[in-house]
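1. Fold the following and give me the result.
(chains A, B, C and D)
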There are 2 protein chains.
Amino acid sequence: MKQRKIYNRIPVFRNERDLSRQDLADLVGVNYQTIGYLEREEYNPSLDLAFRIAEVFGLPVEMVFSTKPMKPLSEVLRDHLEKEGD
Amino acid sequence: MKQRKIYNRIPVFRNERDLSRQDLADLVGVNYQTIGYLEREEYNPSLDLAFRIAEVFGLPVEMVFSTKPMKPLSEVLRDHLEKEGD
DNA sequence: AGGGAATGTTGTAAAGATACAACAAAAACA
DNA sequence: TGTTTTTGTTGTATCTTTACAACATTCCCT
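-> Now for the predicted structure:
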């Protein structure tokens, strides 16, 4: 099977929390360069690693990784707010 | 990184829809034996393959794959029903 | 300006995932 | 019953992911 490229919001969430790649790498238990490869989207994470990263951010996998290019979070948020007027 | 074993509900959802492994394999574009390996949990799917399979069933990845052993769907459903009295 | 931290790049090696083939076993069913 | 379909098993080959090292570049800080 030809693997599709998977996009991610790792840099967004990582920067937001003021984590270095090394910090995030430590949290999920991988080499810090592995985080670099993921952020540059040079390869896809394993499913296990994707779960670990999503868990660090407390988000569903789909919010961190997607087969389609990531919309800015501001858009996601806007769409969500206008749908549910809470 | 030592990969954790990932559990899944592929057999449940596949049988429910009366799909053979070959059928599901065709739908996601892998060899039918790959589905077998996944169902026996002999190895984890790539993130891409996990997305494809979840998409076939129209469910979030977390409902099909998990790092913890899968509860029977009846339990999941019960918990959900008693939380939200819809 | 200079030092340290964070990030990017390149290369090699090991582990994990997928394909494919061939055959065995089990299940469905005429 | 025997026949077909589905599933399991074993083995090999290839591709992808991860680790690790070494070095270059960029950024921040004072």
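
2. Over in chain A, which residue gets nearest DNA strand C? Let me know.
-> residue A:1 (3.2 Å; Cβ to the nearest atom of the strand). C-beta coordinates here come from the backbone N, C-alpha and C atoms, glycine included.

3. right, and that residue touches residue B:26 too?
-> No: applying Cβ atoms under 8 Å, one finds residue A:1 not in contact with residue B:26, separated by 11.7 Å.

4. need the residues of chain A near chain B, please.
-> Counting by Cβ under 8 Å from any Cβ of the partner chain, chain A comes close to chain B at A:1, A:3-4, A:6, A:28-31, A:34, A:44-51, A:60-62, A:65, A:67.

5. quick revisit: what's near enough to touch the residue of chain A closest to DNA strand C?
-> Listed by Cβ atoms under 8 Å, 6 or more residues apart in numbering or on different chains, the contact set of residue A:1 reads B:28, B:29, B:30, B:31, B:34, B:48, B:49.

6. how close does the second one get to residue A:16?
-> As judged by Cβ to Cβ, to the nearest Å, residue B:29 and residue A:16 stand 35 Å apart.

7. quick one: low-confidence ranges for chain A?
-> Along chain A, the model assigns pLDDT under 70 to residues A:85-86.

8. For it, list the residues in contact with DNA strand C, please.
-> Contact residues, chain A versus DNA strand C (Cβ under 7 Å from any atom of the strand): A:1, A:20, A:21, A:22, A:32, A:33, A:36, A:39, A:40, A:46, A:47, A:48.

9. again, 10 Å this time
-> Applying Cβ under 10 Å from any atom of the strand, we find that chain A lies next to DNA strand C at A:1-3, A:11, A:14-15, A:18-25, A:31-40, A:42, A:44, A:46-49.

10. Mark which of the residues you listed are part of helices, please.
-> With DSSP state H as the criterion, helices contain A:11, A:14-15, A:21-25, A:32-39, A:47-49 from among those.

11. ok, back up a step: of the residues of chain A next to chain B, which are in range of DNA strand D?
-> A:1, A:3-4, A:6, A:28-31, A:34, A:44-50.

12. check which helix or strand covers residue A:55.
-> Residue A:55 is located in helix A:47-57, with elements delineated by DSSP states H and E.

13. Tell me the helices and strands packed up against the helix or strand just after that helix.
-> The helix or strand immediately downstream of helix A:47-57 is helix A:61-64, counting by DSSP H and E. Counting contacts by 3 or more Cβ pairs under 8 Å, 6 or more residues apart in numbering or on different chains; DSSP states H and E, helix A:61-64 packs against helix A:47-57, helix B:61-64.
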